[in-house]
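Chemist: Need the 3D shape of this:
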Amino acid sequence: MANLSITTAAADQIRRVLDERGHGLGLRVSVKPSGCSGYSYVLDFADEAANDDVIVEEHGVKVYVAPEALDMLDGSEVDYVSEGLNRYFRFRNPNVKDECGCGESFSV
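Modeler: Here you go, the predicted structure:
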């Protein structure tokens with residue numbers, strides 16, 4: 001089981017997007033090698049569950065985590081924030097050792 005938490009703001013946004021889309025099981029989270037610091041988060045819709053997905057359910061929504069991302073995301077909080085005109089999912093990840101200046105990638 002992944003030690004991942006979902007804030008109510010993130011759960012509300014996941015629910016809202018799935019309702020607008022009209023289908024989907026939840027949010028899919030993974031990481032990929034990218035950027036200047038090493039990895040970036042990848043968010044997508046989970047329209048079906050993969051056999052090896054780890055499913056985190058909180059506040060009535062599900063987040064599907066790719067198994068290869070579990071160690072990097074352990075202890076993280078998924079939040080949804082509004083800063084001015086920008087609205088986005090933010091990860092508060094205690095495993096991050098460094099982030100690039102633009103905030104697009106991180107290293108663990």
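
Chemist: Low-confidence ranges, the protein, go.
Modeler: 1-2, 35-37, 99-108 (pLDDT under 70).

Chemist: Go ahead and flag the most central residue of it.
Modeler: residue 29 (4.4 Å; Cα atoms, centre = their mean).

Chemist: Please enumerate the strands of this structure.
Modeler: Using DSSP state E, the strands assigned to the chain run over residues 5-6, 26-34, 38-46, 54-58, 61-65, 77-83, 86-92, 98-99, 106-107.

Chemist: Let me have those strands in a markdown table, adding distance to residue 14 as columns.
Modeler: Where C-beta positions appear, they are placed from N, C-alpha and C, glycine not excepted. Putting these into a markdown table (distance: least, Cβ to Cβ, whole Å) gives the following:
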| stretch | distance to residue 14 |
| --- | --- |
| strand 5-6 | 8 |
| strand 26-34 | 5 |
| strand 38-46 | 9 |
| strand 54-58 | 10 |
| strand 61-65 | 4 |
| strand 77-83 | 8 |
| strand 86-92 | 9 |
| strand 98-99 | 24 |
| strand 106-107 | 22 |
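
Chemist: what's the most buried one of those strands?
Modeler: Ranked by mean neighbour count under mean count of other Cβ atoms under 10 Å, the strands of the chain are led by strand 61-65, which reaches a mean of 22.

Chemist: Adjacent strands (with direction) for it?
Modeler: Using DSSP bridges, strand 61-65 pairs in its sheet with strand 26-34 (parallel), strand 54-58 (antiparallel).

Chemist: List just the one of the ones you listed that sits closest to residue 94.
Modeler: Residue 94 sits nearest to strand 26-34 of all these, at 14.9 Å, using Cβ to Cβ.

Chemist: Now do that closest one and strand 86-92, the angle between them.
Modeler: On the basis of axes from the mean of the first three to the mean of the last three Cα atoms, to 10 degrees, strand 26-34 is oriented at 80 degrees to strand 86-92.

Chemist: Enumerate every residue touching the residue nearest to the centre of the chain.
Modeler: Contacts for residue 29 were tallied using Cβ atoms under 8 Å, 6 or more residues apart in numbering; they are 4, 41, 42, 43, 63, 64, 65, 66, 69, 73, 78.

Chemist: And the closest residue to residue 57 other than its chain neighbours, how far from residue 86?
Modeler: Nearest residue to residue 57, sequence neighbours excluded (Cβ to Cβ, 6 or more residues apart in numbering): residue 63, at 7.8 Å. Relative to residue 86, residue 63 is positioned 22 Å away (Cβ to Cβ, to the nearest Å).
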